Structures are given as structure tokens and as C-alpha cells.
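1. coords below, sequence missing:
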């Protein structure tokens, strides 16, 4: 039977319609004669000419009615209410045609024959179709993976309906916390409480739970995930409601659970006035426009309808990617924003100033930086050149050109730094503080925050890739903690904080509670349907390995140097009064750094950073790769060179 159905379903569409029509001709004929035989209880009706005349009238009428109502355009396996309506309408016309035919031809037609004909026709036409549909669905379900849908509301029903008509998943049952829905049935699938889920997972082959609750708060979603995490089941989620409404995703495009859902922190809706204050109808420039933060800043900025958006980026590919994306966004929403993609480096002061002057830039968001801690430890001069001098050149150019507002994207690693990256960002903050004292026409401010989820170098995509490959998941230290925030929320807060700046302000974003990285790794393993392999569970799937702190890395990050923090009227933005340098003192530091970098004197660079008011306390020895290589060569050359008779002698 399965082979026959597979053969029929593979036939061209027109042949399927012909087969359906021929089968309906047989069904109409059988229903007609069946009605007569049931009524008169004899087969003698088959030999009466008048009965054949009536059949000859209603047969084409019924077929034409079915064709008119689109019965043969419907896909059998996807039959629904609309098809049932077409069948009922066609049967109604067929029955009415039989009554009229009997009346106008004068042939004897018992009153119950049309009624029996309608009932039998309904059974043969509708019943046969729904029977085949059920058979196809049942046979298809055997080859599909059984899943549980968490949430029996509107989104859950839509998801189940989409999966039923798909080829990959079979929605086996629903789980819902609403007691009014429990012990009911949705689309023929039972609805249970969460307490039934653990028993179900033990008794069946179900390996996935699909979250279908796009409207619930993130805190509630976090609680549900906390309940699901101990179970050996993979958890996926439908797209966010905003993506569903905008048409950017469909309900059956399942995704891995977003890590921000694990954090459980609700985002605060951005202040519309702050978002557009320095952007709307202005010329805005973003440095590092192709990076994680820079690109999201651009997305947020373009929605505020600036006059022009200048994308300043060193990487050609990153610039091409964000330029293409933004132009599509502008076209889609008819924003009317002019995008200017500019290749350049912030280390060239003349290039930066020329770009700002040419386009008449009014607001600058400076996101260009080297931020990967170990890589900057291995490339100290370039880290200092880019993060310190690049920021200074860009900020000074903004002041010289007359830019209205300059916002530096800083980091929590600038607070009591243990590495060159954090220290260089703190010196960049000092640069803005010094410039704010010298130039009054440009408002300088900086926004300091922690890690963002999904950025380049973030642990989240790294962990996910390691889990997919079978592990191990590598964590630097069992006690290491970090603050996390989503990229969109961080970017929105940067824009809002920048709008509140008055000059030299250091803004600090409320990052919530710090997260233990080892716990985050374990949660990710569990929510991907796997178990952690350790001494307590040697049969587990994925091992968590601790590799040791990397150069310059510390166990925890801070957001403030001192305790002199003040709240702003935004609940997620604070301001801090940090130590600063006078203009002449900063110029002296900058000149000394320039000389040391130019001569590639790494110890001198470190000594200058230690002497500056940065709070720098290195956690590891100098490990600049080029400097180490040079020192090794000098040392080797000295050991291999012959000693002259006078060298080393006593006089």
C-alpha cells in the first residue's frame, strides 16, 4: 500500500487530477445506485431506464460542481476546512440536481433517495479523502522525529500545524503550565503539565523540546529553561515575535536557545528622544563600522534616519558586508539615508580628518579598537597604536573639524587592568578627558561596558561549535566570571548614554549580575540535549576542560575604578567621576609612548603605562611575539660571538 501511494504521489499533477476525477465518477455512481437499493431493497432498479437517465444527468453536474469549487486543485495530503466546504457544496448541488431531474423528467423518485444519495456521497467523497490523508500522515509520522512543543497557545498551535505538514518533525504532545489547557487536546495531540515531561522522556524516544512562547518575558523564559536544563533533551525555540511580524522568519524556522534567555534579564525599552537626539537629520560617522559593536551601532543609527551615515572601516570585506546590509535595510523601510562606505584606519590622522571635513560629520561613534586580550598581549605596539593613538587622532580630528559629539566605546577591562588591551583603552579614556578640557565646541564622552553576546571572540559561539564537534568545551578557569549583554541592547545604551554626555563623562552600563563561565558552558551542553562528562558522570557526552588563564586575563571584571558612581535618569546607565590628566601631562605621556613604540622598546611602553593613572597591574610577563623573537636572536647572537682576548679580562 505504501509503495502504491508513493507511486501515485510521484505522478505529475495532471495525472493525479485525472485519477481523482475517475474515482469520483465511480463514487457518485456507487452512491446513486446504493441509495436506490437501500430504499427499495431490490436490484431491479438497475433495469429501469428512468433511473439511468437520472444518473446521466447528475453525474456530469456533480463532477462540474466539484471542478468549479476547486476540489481537484487541492493537495490531498494538506486537506483542510476549505476542501471540506468544497465537498459539501458539491454534494448539495448534486442532491438538488437529482431532485430537479426527477421533477422535470417525471420519473418516479422516492423522497428518501436524494437524502440517502447525499449521505453516501459524503462518505465516499469526503471519507475516502480524509482516510487517505490520515493514512499518509500516519505513515509519514513513523519516519519523522517525535518532538514536544512547550506552549499550547496560539504560537504552539501554529508551530504544530506547520510541523504536521512538514517532513522532519512530528509534534507528539504539548506541555503547558496553564492548568486550563492541561489534560485537553490540541490538533489531536494531548496537553500535559511539566511534571509529565520527565516521565515521557524516559518512556519515549523524544530528544527535543520546542519552545513556542515568543511573547513571554525573558525572566519567565529563563525559569522554564532552568527547569528543562537538567533533563537530557535538546531545546530549540521559534523565532522572536518581532521577526515573525516583520516577515524575517517563519514560525517553523527553529533556532537554538538564545543565551540571553539564560541570563533572564529584561531589556529596557530605549528612550526615543535619546536615541534620535544626535542622529536624526545629522551626518553620523561610525569607526570600526564592520565590527560586532560597530555594525550594530550602524543598524540602530540608520533606523533613526540620519541625513548621512559614514562607515569608516579598515577591513574591506567587513565594510562591504555592512554597507550591503544597510543599503538593503534603507530600501526595505524607505529610510532615505545616504550610506558612505569609507576604507581607512584611525591611525592615519590626516585620513580621518579629511573624511570628517569632507562629509561635514556632526556625530562620531568610535568603535574601532583591538579588543582581544591575548592577541594584544602578543602585539603590544599595534595594540597601543590602534587603541591609544587611533582614538586620540580620531578625537582630535573631530575637535579640529568641529564635530558636535564624540562617543568612545570603552570596556570594563579598562578598570584596574591586568593587560595591555584594557590599559590602552583606559589611556584612550584619558585622551578624551584631556581633549574635553581643551576643546569646548565638541562634547566628548565614553561608555564603558562588559562582554557582548555573540561578538567576535565571544565564548558563546566558541562553546556552541565545540559542543557540535563533540567537545571538549574549553574554559580558562573554573571560577572565571564575566558580565554579559546583548549586542543590540549595548548599542542602544551606547547611543543613549552618548546623548546624555556634557563633556568628559564616563558612563557605565548596568550589566546585571556576572555569569560564571563554567556554569554557562554546562547549561549550553545540557540545552543541546547532552550531558557533561566528569568524574561523577564518566559516561557523559561532553567534557569541560580548564586550560588556565591566558596572558593578561583576570578572573573577574569590574566596571568602576572608584566608588564615586552616580545614577542618571536612565535605569541602565550610570556616570562615574574618574581620575584624569591635564592636557600638557597627557601630551608628555603620548610623546613618550610614541618614541617607545617607534623604537619598539616594549619594556619602556609597559613602564609608561604603569606610570600613567590607569591602575595597570600586569598579570603576566611581557609576551609580545616580535619583541620576544628579537630578544632571543640578540641573546643567541651574543652567546655565539667569539670573545676577544681583552674582553672579560681583569685590569
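-> Great, that's in hand. Just so you know, these numbers come straight off a predicted model, no measurement behind them.
2. contacts, neighbours, all on C-alpha from now
-> OK.
3. show me what whichever strand or helix holds residue 284 is in contact with.
-> Mapping residue 284 onto the secondary structure by DSSP states H and E places it in strand 283-287. With CA atoms under 8 Å, 6 or more residues apart in numbering as the test, strand 283-287 has contacts from 294, 297-298, 306-313, 346, 356, 359-368.
4. stretch 86-99 now?
-> 54, 57-58, 61-62, 65-66, 69-71, 109, 114-115, 117-118, 121-122, 125-126.
5. same thing with stretch 590-604?
-> Taking CA under 8 Å, 6+ apart as the rule, stretch 590-604 contacts 380-381, 385, 605, 608, 622, 624, 627.
6. any idea how far the residue minimising distance to the centre of the chain lies from residue 117?
-> Compute the mean C-alpha point of the chain, and by CA atoms, centre = their mean the closest residue is residue 258, 6.8 Å away. Distance, residue 258 to residue 117, by CA to CA, to the nearest Å: 58 Å.
7. before we move on, what about residue 377?
-> 87 Å.
8. can you check residue 149 too?
-> Distance from residue 149 to residue 117, by CA to CA: 43 Å.
9. how about the top helix by length along the chain: buried residues?
-> Determined from DSSP state H, the single longest helix within the chain is helix 13-40. Residues of helix 13-40 classed as buried: 16-17, 20-21, 24-25, 27-29, 31-37 (neighbour count, 16 or more other CA atoms under 10 Å).
10. which outside residues touch the helix or strand just after that helix?
-> Using DSSP H and E, the helix or strand that follows helix 13-40 in sequence is helix 49-68. Helix 49-68 has contacts (CA under 8 Å, 6+ apart) with 21, 24-25, 28-29, 32, 45-46, 72, 86-87, 89-91, 93-94, 97-98, 101-102, 107.
11. what is the least confident helix or strand in the chain?
-> Every helix and strand in the chain was compared by mean pLDDT, DSSP states H and E; the lowest is helix 2-9, with a mean of 56.
12. residue 599: neighbour count?
-> Residue 599 has 11 neighbours, counted by other CA atoms under 10 Å.
13. go on, residue 508?
-> Count around residue 508 with other CA under 10 Å applied: 27.
14. quick check: phi and psi on it?
-> phi -120, psi 130 (degrees, to the nearest 10).
15. that one touches residue 575, doesn't it?
-> Yes: Residue 508 lies in contact with residue 575 (CA atoms under 8 Å); the separation is 5.8 Å.
16. how about the helix or strand where residue 103 lies: buried residues?
-> In this structure, residue 103 sits in helix 81-105 according to DSSP H and E. Counting neighbours by 16+ other CA under 10 Å, one finds that the buried residues in helix 81-105 are 83-84, 86-95, 97-99, 101-102.
17. list of residues touching the helix or strand that it is followed by?
-> As assigned by DSSP H and E, the chain's next helix or strand after helix 81-105 is helix 112-121. Contacting residues not belonging to helix 112-121 are listed as 27-28, 31-32, 34-36, 39, 91-92, 94-96, 98-99 [CA under 8 Å, 6+ apart].
18. same check on stretch 484-492?
-> 260, 267, 270, 275, 292-293, 296-297, 300, 449-455, 511-512, 514-515.
19. swap in 6 Å and give it another go.
-> 297, 451-453 (CA atoms under 6 Å, 6 or more residues apart in numbering).
20. repeat that for stretch 467-481.
-> Here stretch 467-481 has contacts from 463, 466, 515-518, 542-549, 555-556, using CA under 6 Å, 6+ apart.
21. what's the end-to-end length of that stretch?
-> End-to-end distance (CA to CA), stretch 467-481: 20 Å.
22. now stretch 193-209
-> Termini of stretch 193-209 sit 14 Å apart (CA to CA).
23. separation between residue 115 and residue 84?
-> Counting by CA to CA, the gap from residue 115 to residue 84 is 19 Å.
24. what of residue 458?
-> For residue 458 relative to residue 84 (CA to CA), the value is 53 Å.
25. near residue 571, how many other residues are there?
-> Quick note: residue 571 (other CA under 10 Å) scores 10 neighbours.
26. measure it to residue 260 for me?
-> Distance from residue 571 to residue 260, by CA to CA: 19 Å.
27. among the contacts of strand 283-287, which are located in helices?
-> 294, 297-298, 356, 359.
28. filter those to the buried ones?
-> Buried, going by 16+ other CA under 10 Å: 294, 297-298, 356, out of those.
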